[in-house]
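1. show me how the following folds:
(one chain, ligands or ions: 2)
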Amino acid sequence: MKKILILGAGIYQVPLIKTAKRLGIYTIVASIQGNYPGFELADKVYYENTTDYGRILAIARRENIDGIITTGTDVAVITIGRVCDTLVLKGLSFEAAKLATDKLKMKTCYEEYGVRTAKYRRVSFDNMNLEETLEELQLPLIFKPVDSSGSRGVVKVDSPREFMTARDTVLENTRSNYFIVEEFIEGEEFGAQAFVYNGSIQFILPHGDYIFKGDTGVPIGHFAPFDLDSEALEDTKKQLKLAVKAMKLDNCAINADFIRKDGKTYVLEIGGRSGATCLAELVSIYYGYDYYEKILLTALGEDVDFTAGDGTSPEDCPGTPNASMLLMSDSDGTIASQECSYPDDPDVVEVQFDFKPGDPVKKFHVGPNRIGHVITKGETLQAAVDKLRDVLDHINIDVK
Ligand SMILES: Nc1ncnc2c1ncn2[C@@H]1O[C@H](COP(=O)(O)OP(=O)(O)O)[C@@H](O)[C@H]1O
Ligand SMILES: [Mg+2]
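-> Ligands and ions are numbered 1, 2, ... in the order given. So this is what the prediction gives:
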(Lines give C-alpha, C1' and ligand atoms only; values in the text may rest on other atoms or scores of the structure.)
(Ligands and ions follow the chains in the order given, each with its own letter.)
Protein backbone atom coordinates (compact mmCIF):
# COMPACT_ATOMS: atom_id res chain seq x y z
CA MET A 1 0.00 0.00 0.00
CA LYS A 2 1.38 3.42 -1.00
CA LYS A 3 1.77 6.08 1.67
CA ILE A 4 1.05 9.75 1.13
CA LEU A 5 1.73 12.62 3.49
CA ILE A 6 -0.84 15.39 3.09
CA LEU A 7 0.03 18.79 4.52
CA GLY A 8 -2.94 20.60 6.05
CA ALA A 9 -6.25 19.31 7.39
CA GLY A 10 -8.44 22.27 6.44
CA ILE A 11 -11.34 22.69 4.05
CA TYR A 12 -9.05 22.87 1.03
CA GLN A 13 -7.34 19.58 1.89
CA VAL A 14 -10.45 17.56 2.81
CA PRO A 15 -11.24 16.52 -0.79
CA LEU A 16 -7.60 15.50 -1.27
CA ILE A 17 -7.67 13.39 1.90
CA LYS A 18 -10.97 11.78 0.91
CA THR A 19 -9.68 10.99 -2.58
CA ALA A 20 -6.48 9.45 -1.20
CA LYS A 21 -8.57 7.22 1.05
CA ARG A 22 -10.85 6.27 -1.81
CA LEU A 23 -7.83 5.26 -3.90
CA GLY A 24 -6.69 2.96 -1.11
CA ILE A 25 -3.62 5.06 -0.30
CA TYR A 26 -2.43 5.07 3.33
CA THR A 27 -3.12 8.70 4.24
CA ILE A 28 -1.05 10.57 6.81
CA VAL A 29 -2.12 14.13 7.59
CA ALA A 30 0.12 16.71 9.22
CA SER A 31 -1.22 20.02 10.47
CA ILE A 32 -1.10 22.29 13.49
CA GLN A 33 -3.72 21.43 16.05
CA GLY A 34 -7.13 23.04 15.66
CA ASN A 35 -10.68 22.36 14.74
CA TYR A 36 -9.81 21.04 11.27
CA PRO A 37 -12.14 18.65 9.46
CA GLY A 38 -9.35 16.61 7.82
CA PHE A 39 -8.04 14.96 10.99
CA GLU A 40 -10.85 12.50 11.42
CA LEU A 41 -10.57 11.35 7.79
CA ALA A 42 -6.89 10.40 7.93
CA ASP A 43 -5.33 7.02 8.70
CA LYS A 44 -2.76 8.76 10.87
CA VAL A 45 -2.33 12.30 12.14
CA TYR A 46 0.74 14.30 13.17
CA TYR A 47 0.09 17.59 14.94
CA GLU A 48 2.91 19.57 13.43
CA ASN A 49 3.37 22.93 11.79
CA THR A 50 3.42 22.30 8.03
CA THR A 51 5.94 25.10 7.47
CA ASP A 52 8.46 23.41 9.79
CA TYR A 53 10.22 21.43 7.12
CA GLY A 54 12.78 19.96 9.49
CA ARG A 55 10.13 18.25 11.59
CA ILE A 56 7.99 17.26 8.60
CA LEU A 57 11.06 15.75 6.96
CA ALA A 58 11.66 13.68 10.10
CA ILE A 59 8.06 12.39 9.92
CA ALA A 60 8.43 11.66 6.21
CA ARG A 61 11.57 9.64 6.92
CA ARG A 62 10.07 7.76 9.86
CA GLU A 63 6.97 6.89 7.85
CA ASN A 64 8.93 6.06 4.71
CA ILE A 65 6.36 7.91 2.58
CA ASP A 66 5.94 7.54 -1.17
CA GLY A 67 4.77 11.09 -1.74
CA ILE A 68 3.95 14.44 -0.15
CA ILE A 69 1.35 16.91 -1.37
CA THR A 70 -1.13 19.65 -0.52
CA THR A 71 -3.84 21.63 -2.28
CA GLY A 72 -5.15 25.15 -1.84
CA THR A 73 -2.43 26.57 0.40
CA ASP A 74 0.94 28.16 -0.23
CA VAL A 75 2.39 27.94 3.25
CA ALA A 76 3.17 24.22 3.09
CA VAL A 77 4.75 24.33 -0.38
CA ILE A 78 8.22 25.09 0.99
CA THR A 79 8.09 21.88 3.01
CA ILE A 80 7.06 19.86 -0.04
CA GLY A 81 10.12 21.17 -1.86
CA ARG A 82 12.44 20.30 1.01
CA VAL A 83 11.05 16.79 1.50
CA CYS A 84 10.92 15.97 -2.22
CA ASP A 85 14.52 17.05 -2.73
CA THR A 86 15.85 15.16 0.28
CA LEU A 87 13.91 11.94 -0.18
CA VAL A 88 13.94 12.10 -4.00
CA LEU A 89 10.17 12.15 -4.32
CA LYS A 90 8.15 13.55 -7.19
CA GLY A 91 7.23 17.18 -6.63
CA LEU A 92 8.60 20.65 -6.94
CA SER A 93 12.21 21.26 -5.93
CA PHE A 94 13.24 23.16 -2.80
CA GLU A 95 14.60 25.93 -5.00
CA ALA A 96 11.31 26.26 -6.91
CA ALA A 97 9.38 26.11 -3.64
CA LYS A 98 11.41 28.98 -2.25
CA LEU A 99 10.63 31.09 -5.30
CA ALA A 100 6.95 30.15 -5.14
CA THR A 101 6.48 31.09 -1.50
CA ASP A 102 8.25 34.43 -1.34
CA LYS A 103 6.63 37.13 -3.46
CA LEU A 104 9.84 39.15 -3.61
CA LYS A 105 11.95 36.22 -4.84
CA MET A 106 9.19 35.46 -7.33
CA LYS A 107 9.14 39.00 -8.70
CA THR A 108 12.93 39.08 -8.91
CA CYS A 109 13.03 35.96 -11.07
CA TYR A 110 10.17 37.32 -13.23
CA GLU A 111 12.21 40.43 -13.86
CA GLU A 112 15.21 38.30 -14.82
CA TYR A 113 13.20 36.22 -17.31
CA GLY A 114 11.14 39.10 -18.71
CA VAL A 115 7.79 37.97 -17.33
CA ARG A 116 5.27 40.85 -17.55
CA THR A 117 4.50 41.90 -13.99
CA ALA A 118 3.77 45.07 -11.98
CA LYS A 119 6.72 47.33 -11.20
CA TYR A 120 7.81 46.80 -7.59
CA ARG A 121 10.20 47.63 -4.79
CA ARG A 122 11.52 45.69 -1.82
CA VAL A 123 10.97 47.59 1.44
CA SER A 124 12.42 46.86 4.89
CA PHE A 125 10.16 47.36 7.88
CA ASP A 126 12.82 49.60 9.43
CA ASN A 127 12.76 51.90 6.42
CA MET A 128 11.53 55.27 7.69
CA ASN A 129 11.69 57.01 4.35
CA LEU A 130 9.08 55.21 2.32
CA GLU A 131 8.35 58.24 0.14
CA GLU A 132 11.88 58.25 -1.20
CA THR A 133 12.05 54.47 -1.65
CA LEU A 134 8.78 54.48 -3.56
CA GLU A 135 9.14 57.71 -5.51
CA GLU A 136 9.68 55.98 -8.84
CA LEU A 137 6.51 53.93 -8.51
CA GLN A 138 3.25 55.38 -9.70
CA LEU A 139 0.27 55.61 -7.34
CA PRO A 140 -1.96 53.83 -6.48
CA LEU A 141 0.23 51.14 -4.96
CA ILE A 142 -0.23 47.72 -3.40
CA PHE A 143 1.57 46.92 -0.14
CA LYS A 144 1.87 43.21 0.53
CA PRO A 145 3.61 40.65 2.70
CA VAL A 146 6.03 38.42 0.79
CA ASP A 147 4.84 35.29 2.59
CA SER A 148 1.08 35.41 3.13
CA SER A 149 -1.89 34.23 1.09
CA GLY A 150 -5.65 34.65 0.81
CA SER A 151 -5.15 38.44 0.47
CA ARG A 152 -4.11 38.67 4.13
CA GLY A 153 -2.21 41.88 4.77
CA VAL A 154 -2.53 43.08 1.17
CA VAL A 155 -3.46 46.77 1.10
CA LYS A 156 -4.18 49.21 -1.71
CA VAL A 157 -2.67 52.63 -1.06
CA ASP A 158 -3.85 55.78 -2.84
CA SER A 159 -1.64 58.42 -1.28
CA PRO A 160 1.65 58.72 0.68
CA ARG A 161 -0.39 59.68 3.75
CA GLU A 162 -1.49 56.01 3.97
CA PHE A 163 2.03 54.57 3.72
CA MET A 164 2.66 54.00 7.41
CA THR A 165 -0.72 52.48 8.29
CA ALA A 166 -0.48 50.20 5.25
CA ARG A 167 3.02 49.17 6.34
CA ASP A 168 1.65 48.33 9.80
CA THR A 169 -1.08 46.15 8.30
CA VAL A 170 1.54 44.25 6.32
CA LEU A 171 3.68 43.86 9.44
CA GLU A 172 0.82 42.18 11.29
CA ASN A 173 0.59 39.57 8.53
CA THR A 174 4.15 38.49 7.92
CA ARG A 175 7.07 36.64 9.45
CA SER A 176 9.54 38.43 7.20
CA ASN A 177 11.49 41.60 7.96
CA TYR A 178 10.76 43.08 4.56
CA PHE A 179 7.76 43.43 2.29
CA ILE A 180 6.94 44.32 -1.28
CA VAL A 181 5.27 47.35 -2.82
CA GLU A 182 3.90 47.15 -6.36
CA GLU A 183 2.17 49.49 -8.73
CA PHE A 184 -1.55 48.82 -8.73
CA ILE A 185 -2.73 47.46 -12.05
CA GLU A 186 -6.25 48.60 -12.82
CA GLY A 187 -7.74 45.87 -14.92
CA GLU A 188 -9.66 42.63 -14.99
CA GLU A 189 -8.39 39.97 -12.63
CA PHE A 190 -8.47 36.37 -13.81
CA GLY A 191 -6.44 33.24 -13.34
CA ALA A 192 -5.39 29.88 -14.68
CA GLN A 193 -4.93 26.39 -13.34
CA ALA A 194 -2.21 24.35 -14.98
CA PHE A 195 -0.04 21.33 -14.32
CA VAL A 196 3.61 20.76 -15.04
CA TYR A 197 4.82 17.18 -14.91
CA ASN A 198 8.33 15.96 -15.67
CA GLY A 199 9.06 19.49 -16.81
CA SER A 200 6.31 19.75 -19.40
CA ILE A 201 3.03 21.61 -19.15
CA GLN A 202 0.10 19.20 -19.28
CA PHE A 203 -2.74 21.72 -19.56
CA ILE A 204 -3.49 25.41 -19.10
CA LEU A 205 -7.04 26.29 -18.13
CA PRO A 206 -7.78 30.03 -17.80
CA HIS A 207 -10.69 30.91 -15.55
CA GLY A 208 -12.67 33.97 -14.59
CA ASP A 209 -12.55 35.22 -11.01
CA TYR A 210 -15.29 36.82 -8.96
CA ILE A 211 -13.59 39.41 -6.78
CA PHE A 212 -14.77 40.80 -3.46
CA LYS A 213 -13.61 44.39 -3.11
CA GLY A 214 -12.33 44.75 0.45
CA ASP A 215 -9.03 46.45 1.42
CA THR A 216 -7.92 44.90 -1.85
CA GLY A 217 -9.32 42.25 -4.15
CA VAL A 218 -10.21 38.90 -2.64
CA PRO A 219 -11.14 36.11 -5.08
CA ILE A 220 -14.43 34.62 -3.89
CA GLY A 221 -15.50 32.54 -6.84
CA HIS A 222 -14.48 31.34 -10.26
CA PHE A 223 -15.86 30.23 -13.57
CA ALA A 224 -14.70 28.46 -16.71
CA PRO A 225 -14.41 28.79 -19.61
CA PHE A 226 -13.02 32.31 -19.53
CA ASP A 227 -13.50 34.15 -22.77
CA LEU A 228 -10.16 35.32 -24.17
CA ASP A 229 -9.64 35.99 -27.88
CA SER A 230 -6.88 33.95 -29.50
CA GLU A 231 -4.29 36.71 -29.18
CA ALA A 232 -5.04 37.22 -25.49
CA LEU A 233 -4.97 33.47 -24.90
CA GLU A 234 -1.57 33.16 -26.59
CA ASP A 235 -0.22 36.10 -24.58
CA THR A 236 -1.51 34.57 -21.33
CA LYS A 237 -0.02 31.15 -22.12
CA LYS A 238 3.28 32.76 -23.06
CA GLN A 239 3.48 34.68 -19.76
CA LEU A 240 2.51 31.57 -17.81
CA LYS A 241 5.12 29.38 -19.51
CA LEU A 242 7.79 32.01 -19.01
CA ALA A 243 6.89 32.37 -15.32
CA VAL A 244 6.93 28.58 -14.84
CA LYS A 245 10.39 28.49 -16.39
CA ALA A 246 11.59 31.43 -14.30
CA MET A 247 10.37 29.74 -11.13
CA LYS A 248 11.83 26.35 -12.15
CA LEU A 249 8.53 24.61 -11.49
CA ASP A 250 8.76 21.13 -12.94
CA ASN A 251 6.44 18.79 -11.03
CA CYS A 252 3.40 20.45 -9.51
CA ALA A 253 -0.02 21.94 -9.97
CA ILE A 254 -0.02 25.63 -10.82
CA ASN A 255 -2.30 28.35 -9.57
CA ALA A 256 -1.79 31.55 -11.54
CA ASP A 257 -3.20 34.99 -10.77
CA PHE A 258 -3.31 37.47 -13.63
CA ILE A 259 -4.61 40.95 -14.37
CA ARG A 260 -5.47 42.04 -17.89
CA LYS A 261 -4.91 45.65 -18.75
CA ASP A 262 -4.81 47.37 -22.16
CA GLY A 263 -4.88 44.00 -23.90
CA LYS A 264 -1.89 42.67 -21.96
CA THR A 265 -1.72 39.92 -19.34
CA TYR A 266 0.30 40.75 -16.20
CA VAL A 267 1.37 37.97 -13.85
CA LEU A 268 0.38 38.82 -10.27
CA GLU A 269 1.73 35.63 -8.73
CA ILE A 270 2.00 31.90 -9.34
CA GLY A 271 1.67 29.21 -6.70
CA GLY A 272 3.15 25.71 -7.00
CA ARG A 273 -0.07 23.98 -5.95
CA SER A 274 -3.68 23.87 -7.11
CA GLY A 275 -5.93 26.81 -6.29
CA ALA A 276 -8.29 27.15 -3.38
CA THR A 277 -11.84 28.52 -3.64
CA CYS A 278 -13.24 25.57 -5.64
CA LEU A 279 -10.51 25.75 -8.28
CA ALA A 280 -9.53 22.08 -8.17
CA GLU A 281 -13.25 21.34 -8.61
CA LEU A 282 -13.34 23.74 -11.57
CA VAL A 283 -10.62 21.68 -13.28
CA SER A 284 -12.37 18.40 -12.46
CA ILE A 285 -15.72 19.53 -13.82
CA TYR A 286 -14.28 21.22 -16.89
CA TYR A 287 -12.20 18.24 -18.02
CA GLY A 288 -14.50 15.54 -16.72
CA TYR A 289 -12.05 13.74 -14.42
CA ASP A 290 -11.07 13.84 -10.76
CA TYR A 291 -8.27 16.40 -10.55
CA TYR A 292 -7.51 15.47 -6.93
CA GLU A 293 -6.81 11.94 -8.15
CA LYS A 294 -4.34 13.21 -10.75
CA ILE A 295 -2.62 15.42 -8.18
CA LEU A 296 -2.21 12.49 -5.79
CA LEU A 297 -0.96 10.07 -8.43
CA THR A 298 1.62 12.54 -9.72
CA ALA A 299 2.89 13.03 -6.14
CA LEU A 300 3.35 9.26 -6.01
CA GLY A 301 5.36 9.47 -9.22
CA GLU A 302 2.91 7.46 -11.29
CA ASP A 303 2.38 7.77 -14.99
CA VAL A 304 -0.48 10.26 -15.13
CA ASP A 305 -2.36 11.21 -18.23
CA PHE A 306 -4.18 14.54 -18.42
CA THR A 307 -6.38 13.61 -21.37
CA ALA A 308 -9.91 14.86 -20.68
CA GLY A 309 -12.64 12.46 -19.56
CA ASP A 310 -14.18 12.47 -23.06
CA GLY A 311 -10.86 11.34 -24.58
CA THR A 312 -9.95 14.71 -26.08
CA SER A 313 -6.66 16.48 -25.44
CA PRO A 314 -6.85 19.39 -22.98
CA GLU A 315 -6.56 21.93 -25.83
CA ASP A 316 -9.36 20.34 -27.84
CA CYS A 317 -11.63 19.52 -24.91
CA PRO A 318 -14.93 21.40 -25.27
CA GLY A 319 -15.10 21.50 -21.46
CA THR A 320 -18.08 21.56 -19.13
CA PRO A 321 -18.91 25.16 -18.13
CA ASN A 322 -19.05 25.67 -14.38
CA ALA A 323 -19.09 28.38 -11.74
CA SER A 324 -18.57 28.67 -7.99
CA MET A 325 -19.00 31.16 -5.18
CA LEU A 326 -18.03 31.26 -1.53
CA LEU A 327 -20.65 31.75 1.14
CA MET A 328 -19.88 34.67 3.42
CA SER A 329 -21.23 36.41 6.47
CA ASP A 330 -21.67 40.18 6.55
CA SER A 331 -21.20 40.32 10.32
CA ASP A 332 -19.23 38.67 13.12
CA GLY A 333 -21.41 36.33 15.17
CA THR A 334 -22.67 32.80 15.59
CA ILE A 335 -24.57 30.75 13.04
CA ALA A 336 -28.16 30.51 14.27
CA SER A 337 -29.41 28.51 11.29
CA GLN A 338 -28.43 27.64 7.74
CA GLU A 339 -30.36 26.01 4.93
CA CYS A 340 -30.50 25.60 1.18
CA SER A 341 -34.03 25.27 -0.16
CA TYR A 342 -32.97 24.63 -3.75
CA PRO A 343 -34.35 21.32 -5.05
CA ASP A 344 -32.03 18.45 -6.08
CA ASP A 345 -30.53 19.20 -9.45
CA PRO A 346 -27.73 17.42 -11.35
CA ASP A 347 -26.26 20.80 -12.32
CA VAL A 348 -25.85 21.80 -8.69
CA VAL A 349 -22.53 20.09 -8.10
CA GLU A 350 -22.06 21.04 -4.46
CA VAL A 351 -23.57 23.15 -1.71
CA GLN A 352 -21.25 23.08 1.28
CA PHE A 353 -21.63 24.67 4.69
CA ASP A 354 -18.28 24.83 6.48
CA PHE A 355 -19.74 25.18 9.98
CA LYS A 356 -22.59 23.99 12.14
CA PRO A 357 -25.24 26.08 13.89
CA GLY A 358 -23.66 27.44 17.07
CA ASP A 359 -20.22 27.88 15.48
CA PRO A 360 -18.66 31.36 15.50
CA VAL A 361 -18.04 33.07 12.16
CA LYS A 362 -16.40 36.29 11.03
CA LYS A 363 -17.53 39.10 8.79
CA PHE A 364 -15.93 38.43 5.41
CA HIS A 365 -12.66 40.28 4.72
CA VAL A 366 -10.27 37.62 3.46
CA GLY A 367 -10.48 34.13 1.98
CA PRO A 368 -10.23 32.20 5.27
CA ASN A 369 -13.42 33.93 6.53
CA ARG A 370 -15.47 31.77 4.13
CA ILE A 371 -18.38 29.84 5.61
CA GLY A 372 -19.20 27.57 2.67
CA HIS A 373 -19.47 27.39 -1.10
CA VAL A 374 -21.73 26.57 -4.03
CA ILE A 375 -20.60 24.98 -7.30
CA THR A 376 -22.80 24.65 -10.38
CA LYS A 377 -22.41 23.51 -13.98
CA GLY A 378 -24.43 23.89 -17.15
CA GLU A 379 -24.66 23.40 -20.91
CA THR A 380 -23.37 26.93 -21.29
CA LEU A 381 -21.47 29.24 -18.99
CA GLN A 382 -24.53 31.47 -18.80
CA ALA A 383 -26.63 28.54 -17.63
CA ALA A 384 -24.05 27.63 -14.97
CA VAL A 385 -23.85 31.24 -13.76
CA ASP A 386 -27.66 31.66 -13.73
CA LYS A 387 -27.94 28.46 -11.71
CA LEU A 388 -25.29 29.68 -9.30
CA ARG A 389 -27.25 32.90 -8.68
CA ASP A 390 -30.45 30.97 -8.30
CA VAL A 391 -28.98 28.57 -5.74
CA LEU A 392 -27.40 31.46 -3.81
CA ASP A 393 -30.86 33.06 -3.65
CA HIS A 394 -32.14 29.87 -2.02
CA ILE A 395 -29.51 29.82 0.71
CA ASN A 396 -30.36 31.31 4.03
CA ILE A 397 -27.66 31.65 6.69
CA ASP A 398 -28.71 33.45 9.81
CA VAL A 399 -25.80 34.89 11.82
CA LYS A 400 -26.64 36.38 15.22
N1 LIG B 1 -0.18 44.85 -8.48
C2 LIG B 1 -1.48 44.66 -8.22
N3 LIG B 1 -2.41 45.39 -8.90
C4 LIG B 1 -3.72 45.24 -8.64
N5 LIG B 1 -4.22 44.40 -7.72
C6 LIG B 1 -3.35 43.65 -7.02
C7 LIG B 1 -1.94 43.73 -7.23
N8 LIG B 1 -1.34 42.89 -6.38
C9 LIG B 1 -2.33 42.29 -5.67
N10 LIG B 1 -3.54 42.75 -6.05
C11 LIG B 1 -4.83 42.34 -5.50
O12 LIG B 1 -4.62 41.72 -4.24
C13 LIG B 1 -5.01 40.35 -4.28
C14 LIG B 1 -4.04 39.50 -3.45
O15 LIG B 1 -2.74 39.67 -3.92
P16 LIG B 1 -1.80 38.44 -4.27
O17 LIG B 1 -0.49 38.97 -4.71
O18 LIG B 1 -2.48 37.53 -5.22
O19 LIG B 1 -1.60 37.77 -2.84
P20 LIG B 1 -2.30 36.52 -2.10
O21 LIG B 1 -1.18 35.54 -1.97
O22 LIG B 1 -2.75 37.05 -0.79
O23 LIG B 1 -3.39 35.99 -2.98
C24 LIG B 1 -5.05 40.00 -5.74
O25 LIG B 1 -5.96 38.93 -5.97
C26 LIG B 1 -5.51 41.31 -6.37
O27 LIG B 1 -6.90 41.49 -6.23
MG1 LIG C 1 -3.25 35.58 -5.01
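2. which pLDDT does the model give the residue nearest to the spatial centre of the chain?
-> Residue closest to the average C-alpha location in the chain (CA atoms, centre = their mean): Gly275, at 3.0 Å. Turning to Gly275, the model gives it a pLDDT of 95.
3. now do the SS call for it.
-> coil (DSSP: H, G, I helix; E, B strand; the rest coil).
4. residue contacts, the spatially closest residue to it that is not a sequence neighbour?
-> Closest residue in space to Gly275, ignoring its immediate chain neighbours: Asn255 at 3.9 Å, by CB to CB, 6 or more residues apart in numbering. Where you see a C-beta, it was placed from the backbone N, CA and C, and this is true even at glycine. By CB atoms under 8 Å, 6 or more residues apart in numbering, the contact list for Asn255 reads 191, 193, 270-271, 273-276, 279.
5. ok, Asp250 touching Asn198?
-> Yes - with contact defined as CB atoms under 8 Å, Asp250 and Asn198 form a contacting pair (7.2 Å).
6. compare those two (neighbour count), which wins?
-> Between Asp250 and Asn198, counted using other CB atoms under 10 Å, the more crowded position is Asp250 (18 against 12).
7. excluding chain neighbours, what is closest to that one?
-> Residue nearest to Asp250 in three dimensions, not counting chain neighbours: Gly199, with 4.5 Å by CB to CB, 6+ apart.
8. and if you look at Lys387?
-> Leaving aside its chain neighbours, Lys387 sits nearest to Thr376 (4.2 Å; criterion: CB to CB, 6+ apart).
9. doesn't Arg260 lie inside a strand?
-> Yes - under three-state DSSP, Arg260 falls within a strand.
10. that one - how many residues pack around it?
-> Neighbour number of Arg260 under other CB under 10 Å is 17.
11. so what's it bridging to?
-> Arg260 forms beta bridges with Glu188, Thr265, as assigned by DSSP bridges.
12. show the contacting residues for it.
-> 187-188, 190, 232, 266.
13. before we move on, the earlier item: is the residue nearest to Lys387 located within a helix, as I assumed?
-> No - membership of Thr376 in a helix is not supported by three-state DSSP, which gives strand.
14. next up, the contacts around it.
-> Thr376 neighbours (CB under 8 Å, 6+ apart): 322-324, 347-349, 384-385, 387-388, 391.
15. now Phe226: how far from Met1?
-> 40 Å (CB to CB, to the nearest Å).
16. hang on, the earlier thing: farthest pair within the contacts of Asn255?
-> Using CB to CB, the contacts of Asn255 span at most 14.2 Å, a distance reached by Ile270 and Ala276.
17. for the residue of the stretch 101-250 of the chain found nearest ligand 1, name its beta-bridge partners.
-> Across the stretch 101-250 of the chain, the shortest distance to ligand 1 (CB to the nearest ligand atom) belongs to Gly217, at 2.3 Å. Counting by DSSP bridges, Gly217 is bridged to Lys213.
18. and for it, the neighbour number?
-> Neighbour tally, Gly217, other CB under 10 Å: 18.
19. doesn't Val196 belong to a strand?
-> Yes - Val196: assigned to a strand according to three-state DSSP.
20. which bits of the stretch 251-400 of the chain sit near ligand 1?
-> The stretch 251-400 of the chain comes close to ligand 1 at residues 257, 259, 268-269, as judged by CB under 6 Å from any ligand atom.
21. state the pair within those residues that is farthest apart.
-> Spanning the widest gap among these are Ile259 and Glu269, at 10.6 Å by CB to CB.
22. which pLDDT does the model give Asp215?
-> pLDDT, Asp215: 67.
23. and what of the one 3 residues further on?
-> Val218 is assigned a pLDDT of 89 by the prediction.
24. how near is it to Thr277?
-> Distance of Val218 to Thr277, given as CB to CB: 9 Å.
25. shared neighbours of the two, anything?
-> Gly367.
26. before we move on, back to that, more neighbours: Phe226 and Met1, which one.
-> Each of Phe226 and Met1 has its neighbours counted (other CB under 10 Å); Phe226 has more, 19 against 7.
27. quick one: the more buried one is in a strand?
-> No - using three-state DSSP, the assignment for Phe226 is coil, not a strand.
28. biggest helix in this structure by residues?
-> Taking DSSP state H as the criterion, the chain has its longest helix at helix 230-246.
29. all helices of the stretch 251-400 of the chain, in order?
-> For the stretch 251-400 of the chain, the helices defined by DSSP state H, counting those that start in this stretch cover 279-287, 291-299, 381-393.
30. which parts of stretch 112-120 are buried?
-> 115-118, 120 (16 or more other CB atoms under 10 Å).
31. contact partners of that stretch?
-> With CB under 8 Å, 6+ apart as the contact definition, stretch 112-120 has outside contacts at 107, 109-111, 136-138, 142, 180-185, 239, 242-243, 245-246, 264-268.
32. endpoints of stretch 93-113, how far apart?
-> 19 Å (CA to CA, to the nearest Å).
33. list the buried ones in it?
-> Residues 93-94, 96-104, 106-107, 109-110 are the ones in stretch 93-113 that count as buried (16+ other CB under 10 Å).
34. any bit of stretch 11-18 sitting next to ligand 1?
-> No - if you take CB under 6 Å from any ligand atom as the test, stretch 11-18 misses ligand 1, and the best it gets is 13.4 Å.
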